[in-house]
Each structure stands twice: as structure tokens, then as C-alpha cells.
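**Q** coords please:
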Amino acid sequence: MTPDDHQRVIDELQVVIDETQATIYRFEASGMSENMPEDYAKLLSILDCAIKQQREHTQEMLSG
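**A** Presented below is the predicted three-dimensional model:
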């Protein structure tokens, strides 16, 4: 991948991260995190995965 490709992926992952964090906030604010713990855990997993992927692309872009 070119640095531009990595940057595009990083930017798209940032959108996923931002939207997932907003959803998690709404889950917590409405009490859904307690009522729907499996869905809440899935949101946290999505966030964790997106952050890890973003970090990997950043490291690849910087080392390439």
C-alpha cells in the first residue's frame, strides 16, 4: 500500500471510531449498557478492533 492508501484507511477507521464512541456514549447515557450487555460488549470490541487496525496502518505508513 502507498502512504496515501494507508492514510485513506486511517481516515475511514477514524470515522468508525468516532461513530462507535458516540454510540457507546448513547448506550451508557440511556442505561442500555446495563440492559443490553452483549451488544455493549460488541460495541467495545468494534472500537478496540478499529483502533488496533488504525495503529497498524499508521505504523506501516511511518515505516514504509
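**Q** and the helices in the chain?
**A** Remark: helices assigned in the chain by DSSP state H are 3-30, 32-35, 37-63.
**Q** residues contacting the second one, please?
**A** Taking contacts as Cβ atoms under 8 Å, 6 or more residues apart in numbering, the residues outside helix 32-35 that touch it are 24, 26-27, 39-40. Quick note: C-beta positions are derived from backbone N, CA and C, even for glycine.
**Q** and these, which are buried?
**A** When the contacts of helix 32-35 are checked for burial by 16 or more other Cβ atoms under 10 Å, the buried set is 24, 27, 40.
**Q** for the last one, what are its contacts?
**A** Residue 40 makes contact with 24, 27, 32-33 under the criterion Cβ under 8 Å, 6+ apart.
**Q** next, count neighbours for residue 61.
**A** Neighbours of residue 61 under the rule other Cβ atoms under 10 Å: 17.
**Q** contact partners for the spatially closest residue to it that is not a sequence neighbour?
**A** With sequence-adjacent residues excluded and distances taken as Cβ to Cβ, 6 or more residues apart in numbering, residue 61 is closest to residue 6, at 3.7 Å. Counting by Cβ under 8 Å, 6+ apart, residue 6 makes contact with 57-58, 60-61, 64.
**Q** likewise residue 29?
**A** Per Cβ under 8 Å, 6+ apart, neighbours of residue 29: none.
**Q** residue 48: which of the contacts of residue 40 is nearest?
**A** Using Cβ to Cβ, residue 24 comes nearest to residue 48 of those, at 11.2 Å.
**Q** separation between residue 18 and residue 54?
**A** For residue 18, the distance to residue 54 equals 11 Å [Cβ to Cβ, to the nearest Å].
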